[in-house]
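Colleague: I'll drop the sequence and a predicted model, then ask my questions.
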There are 2 protein chains.
Amino acid sequence: MPVIAIDLGATKTAAAVFNEQGDLLFSEIHQLKKRKGKEVGALLQQQIISLLNKTTEKKISITAIGICVPGIAYAKTGKVWCPNIPEWDDYPLLEELHNFFPDKKIKIDSDRACYILGEVWKGNAKNCSDAIFLAVGTGIGAGILMNNQILRGCNDIAGAIGWMGLDRPFHEKYISCGCFEYNASGEGIAKVAKEMISAGKFKESELSKINVDQISARNVFDAFDKNDPFAKKVIENAIECWGMAVANLVSLFNPEKIIFGGGVFGPALKYLYAIQEEAKKWAQPISIKHVTLEGSALGTEAGLYGAAWLAMKD
Amino acid sequence: MPVIAIDLGATKTAAAVFNEQGDLLFSEIHQLKKRKGKEVGALLQQQIISLLNKTTEKKISITAIGICVPGIAYAKTGKVWCPNIPEWDDYPLLEELHNFFPDKKIKIDSDRACYILGEVWKGNAKNCSDAIFLAVGTGIGAGILMNNQILRGCNDIAGAIGWMGLDRPFHEKYISCGCFEYNASGEGIAKVAKEMISAGKFKESELSKINVDQISARNVFDAFDKNDPFAKKVIENAIECWGMAVANLVSLFNPEKIIFGGGVFGPALKYLYAIQEEAKKWAQPISIKHVTLEGSALGTEAGLYGAAWLAMKD
């Protein structure tokens, strides 16, 4: 049966109809603009109604809707917490949509859960029962599929890998985001570079030509590509952390695949071999032989495909 | 229905009959002595036959047998790998027992899996669907229960937490056992103390009175209790690692409970508060509020109770 999939982001919402083969039949994208609270809920309802009208015209029957949200989806209550959508602290999304579309099966999950489901359905983790999506963008999170089930934990916040401790002792700078995220997220890479420049370590670097407040991970990657030895230090720091994080996932979960995605992977995919070499040093030696590291096949559409599979799979 | 439970260790095998309420009705312990390969298999068969005879006398019917093994239990093949039992590299335990007891349901799992199942059934993780047993003895392993299922991974070696990387950069000394285990297992605590004494750092310590090759974790705990400042350094090193490992488990799994067991917890249970304080620094801040750290309620019997629950639960 075809399904409706929605990938709600912090600035826009993408919706699509997929058939069982994974073909995208129709899609719509709307900007959230300054919407908040119930206005965002109303926008999702409009998107669903618009797609249902299109499918009715084509005599396509839709029985299920899957939704990917940028935050936490509480499995027991159907409420969602999305820090970047105003007034979605504990928003009753499932109840609201059930009231509007009482004859549809509605499934909601977090972005990181949807990313790995998307890759399992139509990306680089096909046929995997045990696979992990490592999403490295502004922050870092992991979507973890074990024995064909999304790992939720007791409050639906499993996979908060940005908080992984990798380097003792504890520093105050880790308080707001966690040690791994501080060192190796997009924002983290920029932060580490800024910290080193402010400490006067990078006087001869390409990066010191940029206003220190405006340095981004992109600048660091570009400087690395020009063989800037200071950018190299920042990237090597991140590679060590990504490698250790991979190793720790491998030792704990014994997965078949770890898929790298998010804005940073992207440009950092070229370091995948170096990440694997670092991981080999640390990981359980048998498990590391059984895992494959790959980039996302679906890129920015992983969440949308994952939402479709969420609606379709059971 | 009552079941037979067997906890096979490296030196002995304990077997028992439990009723559904968790009462231990009969039990037997045999030393492995110099047995290897099929001789160990034959000993388990004898134990089972002996217990079946006792239950028949009492008109108790047994339909299921659960077995806890010190190593890896391969779910698909029913074979087991037990590094401390000679010739049990890939031993067809399930097939062998099925041939002997064709009318019994037989379930086999690893010691760490059985530990957490035991605690869920009759210990400190009762009613938990998401709980972890951190077994710290000579080595370190974790039994992980998520959504009421044992986390296995694609080759049944999930939970190899001794390999967790917690302290950059990589040192050669981590190669044989992993970074966490090097610093915070029973053997690790002794190693760290020996390393410091050999480096001449502990001249005034209680510990320097002991022949350096014979120092054990027990000696370090005893010296700590006598306010030896050098033993304190070794223990603080371990507490930092235990705390970080707890934090990483909490951020990744969002569990309800983490249960500490094995020979080291035991004496290290008095540091549980310090471990929790260290973990609070590193962990995802919401998840850490939802977890409770406790010692094992079942101690050396966790594996036996877990094997019983393995046989009983589905």
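Modeller: Sure, I can see it. Numbers count the residues shown, from 1 in each chain, chains lettered A, B, ... in the order given.

Colleague: Phi, psi for the residue of the stretch 1-150 of chain A found nearest chain B please.
Modeller: Of all residues in the stretch 1-150 of chain A, A:Asp130 sits closest to chain B, at 4.6 Å by CB to the nearest CB. The way it works is simple: take the backbone N, C-alpha and C, and place the C-beta from them, glycine included. For A:Asp130, the backbone dihedrals are phi -130, psi 100 (criterion: degrees, to the nearest 10).

Colleague: same question, A:Gln31
Modeller: phi -80, psi 140.

Colleague: The nearest residue to it once chain neighbours are set aside and A:Pro83, how far apart?
Modeller: Among residues not flanking A:Gln31 along the chain, A:Lys12 sits closest, at 5.0 Å (CB to CB, 6 or more residues apart in numbering or on different chains). The gap separating A:Lys12 from A:Pro83 is 16 Å, by CB to CB, to the nearest Å.

Colleague: The stretch 201-314 of chain A: strands as residue ranges?
Modeller: Under the criterion DSSP state E, counting those that start in this stretch, strands of the stretch 201-314 of chain A are mapped to A:257-261, A:292-295.

Colleague: Averaging pLDDT per element, find the lowest-scoring helix or strand in chain A.
Modeller: For chain A, counting by mean pLDDT, DSSP states H and E, helix A:186-198 ranks last in confidence among helices and strands (a mean of 93).

Colleague: Give me the secondary structure label for the one residue in the stretch 51-200 of chain A that gets nearest to chain B.
Modeller: Closest to chain B within the stretch 51-200 of chain A is A:Gly153: 2.4 Å, counting by CB to the nearest CB. Secondary structure assignment for A:Gly153 (DSSP: H, G, I helix; E, B strand; the rest coil): coil.

Colleague: Look up phi and psi at it.
Modeller: Per degrees, to the nearest 10, the backbone of A:Gly153 is at phi 80, psi -180.

Colleague: Repeat that for A:Trp81.
Modeller: Torsion angles, degrees, to the nearest 10, at A:Trp81: phi -120, psi 120.

Colleague: If we ignore the residues flanking it in sequence, what's nearest it?
Modeller: That would be A:Ile72: by CB to CB, 6+ apart, it lies 4.5 Å from A:Trp81.

Colleague: And for the one you found, the neighbour number?
Modeller: 23 (other CB atoms under 10 Å in any protein chain shown).

Colleague: Now do the contacts for it.
Modeller: A:80-82, A:110, A:156-157 (CB atoms under 8 Å, 6 or more residues apart in numbering or on different chains).

Colleague: filter those residues to the buried ones?
Modeller: In those, burial by neighbour count holds for A:80-82, A:110, A:156-157, counting by 16 or more other CB atoms under 10 Å in any protein chain shown.

Colleague: rewinding a little: would you turn the contacts of A:Ile72 into TSV with distance to B:Gln45?
Modeller: Below are these laid out as TSV (distance: CB to CB, whole Å):
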residue	distance to B:Gln45
A:Val80	55
A:Trp81	55
A:Cys82	58
A:Ser110	49
A:Asp156	46
A:Ile157	47
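
Colleague: Just list whatever residues bridge to A:Glu294.
Modeller: A:Ile259 (DSSP bridges).

Colleague: is it true that it touches A:Cys128?
Modeller: No - applying CB atoms under 8 Å as the test, A:Glu294 and A:Cys128 come out as separate, 10.7 Å apart.

Colleague: hey, what's in contact with both of the two?
Modeller: Contacts common to A:Glu294 and A:Cys128, judged by CB under 8 Å, 6+ apart, are A:Lys257.

Colleague: So A:Ile132 is in contact with A:Glu256, correct?
Modeller: No - contact criterion CB under 8 Å: A:Ile132 and A:Glu256 do not qualify, at 9.3 Å.

Colleague: more neighbours, the two?
Modeller: Remark: of A:Ile132 and A:Glu256, A:Ile132 carries more neighbours, 29 against 19, as counted by other CB under 10 Å.

Colleague: Look up how far B:Asp89 lies from that one.
Modeller: As judged by CB to CB, A:Ile132 and B:Asp89 stand 29 Å apart.

Colleague: where in the stretch 101-250 of chain A is pLDDT low?
Modeller: Applying pLDDT under 70 to the stretch 101-250 of chain A flags no residue at all.

Colleague: what residues does it put near chain B?
Modeller: Applying CB under 8 Å from any CB of the partner chain, we find that the stretch 101-250 of chain A lies next to chain B at A:128-130, A:142, A:144, A:146-147, A:149, A:151-170, A:174, A:178-179, A:240, A:244, A:247-248.

Colleague: Try it again at 7 Å.
Modeller: A:130, A:146-147, A:149, A:151-155, A:157-161, A:163-168, A:170, A:179, A:240, A:244, A:247-248 (CB under 7 Å from any CB of the partner chain).

Colleague: list the contacts for the residue of the stretch 51-200 of chain A closest to chain B?
Modeller: For A:Gly153, the contacting residues are B:130, B:253-255, by CB atoms under 7 Å, 6 or more residues apart in numbering or on different chains.

Colleague: A:Ala274 now?
Modeller: Here A:Ala274 is in contact with A:Ile239 (criterion: CB under 7 Å, 6+ apart).

Colleague: Could you report the pLDDT at it?
Modeller: A:Ala274 carries a pLDDT value of 98.

Colleague: Was I right to think A:Val17 contacts A:Thr55?
Modeller: Yes - using CB atoms under 7 Å, A:Val17 is in contact with A:Thr55, at 5.8 Å.

Colleague: circling back to that earlier point, which of the contacts of A:Gly153 has the most neighbours?
Modeller: B:Phe253 (30 neighbours).

Colleague: Now for it: which residues touch it?
Modeller: So B:Phe253 contacts A:153, A:158, B:130, B:132, B:144, B:146 (CB under 7 Å, 6+ apart).

Colleague: count of neighbours near the closest residue to A:Lys191 other than its chain neighbours?
Modeller: Using CB to CB, 6+ apart and skipping the chain neighbours, the partner closest in space to A:Lys191 is A:Tyr182 (6.7 Å). Per other CB under 10 Å, the neighbour tally for A:Tyr182 reads 24.

Colleague: Quick check: A:Tyr182 is in a helix.
Modeller: Yes - applying three-state DSSP, one finds A:Tyr182 inside a helix.
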